[in-house]
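# Predicted structure and sequence below. I'll ask about it afterward.
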Amino acid sequence: MKKVVIVEGKHDLSRLKQIFPKMSVLITNGSAVSDEFLELVRSLSEKNEVVLLLDPDYSGERIRKTISSYCPNVSHAFVRVKDAISKNGKKIGVEHVDLEILKNVLNNVSKADYHENVTVQDLYDLGLVGNKESKKKRKLLCERLNIGYVNGKQLAQRLNLFNITLKQVKEVL
């Protein structure tokens, strides 16, 4: 099965081509993902492994949600915010990630498979939402599970998307 990676822009594409010159890469060209693009991704996903490698910011998450909801069999690769910050500290994106980190990220792709294992109440009970230390705990959990950072409202959905159980969450914490 051929791997097709989806990124946001041409700089992300050129960064990936430095490591994997023959890799198939599609560019969203920003956050306004068209219906034609979504249909192309759906069609490609029927015979290829489609991997979303998007910026760890609001726009990247929005694109990830849009594509995932239209094409639920896509895989996900996540880069950490701290690894995606530009040298001047003003921008965040895949294009700024160290080449070795990108190699590692693409070798640890996660496949989505939604199961309702964790509830919002579970997150409150574990202190992942609702208190002063919640954000810190969420960042640690998301990093260790390699699921990309999300806020408290999105955490249960992300955990369930990757079929992560409450037991696994407790073990990581």
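Okay, I see it. Residues are numbered from 1 along each chain as shown.
# can you give me the strands in the chain?
2-7, 24-27, 48-53, 75-77, 110-111 (DSSP state E).
# Mind putting these into JSON lines with distance to E171, mean neighbour count and mean pLDDT?
(C-beta placed from N, C-alpha, C; glycine too.) Output for the strands of the chain, formatted as JSON lines (distance: least, CB to CB, whole Å; neighbours: other CB atoms under 10 Å; pLDDT from 0 to 100):
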{"stretch": "strand 2-7", "distance to E171": "30", "mean neighbour count": "20", "mean pLDDT": "94"}
{"stretch": "strand 24-27", "distance to E171": "35", "mean neighbour count": "16", "mean pLDDT": "94"}
{"stretch": "strand 48-53", "distance to E171": "26", "mean neighbour count": "21", "mean pLDDT": "95"}
{"stretch": "strand 75-77", "distance to E171": "21", "mean neighbour count": "20", "mean pLDDT": "92"}
{"stretch": "strand 110-111", "distance to E171": "17", "mean neighbour count": "16", "mean pLDDT": "74"}
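# Rebuild those strands as TSV, extending it with distance to N151.
Converted to TSV, these look like this (distance: least, CB to CB, whole Å):
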stretch	distance to N151
strand 2-7	23
strand 24-27	27
strand 48-53	19
strand 75-77	17
strand 110-111	19
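# so what's the residue most central in space within the chain closest to, chain neighbours aside?
Compute the mean C-alpha point of the chain, and by CA atoms, centre = their mean the closest residue is F78, 4.0 Å away. Nearest residue to F78, sequence neighbours excluded (CB to CB, 6 or more residues apart in numbering): G148, at 3.6 Å.
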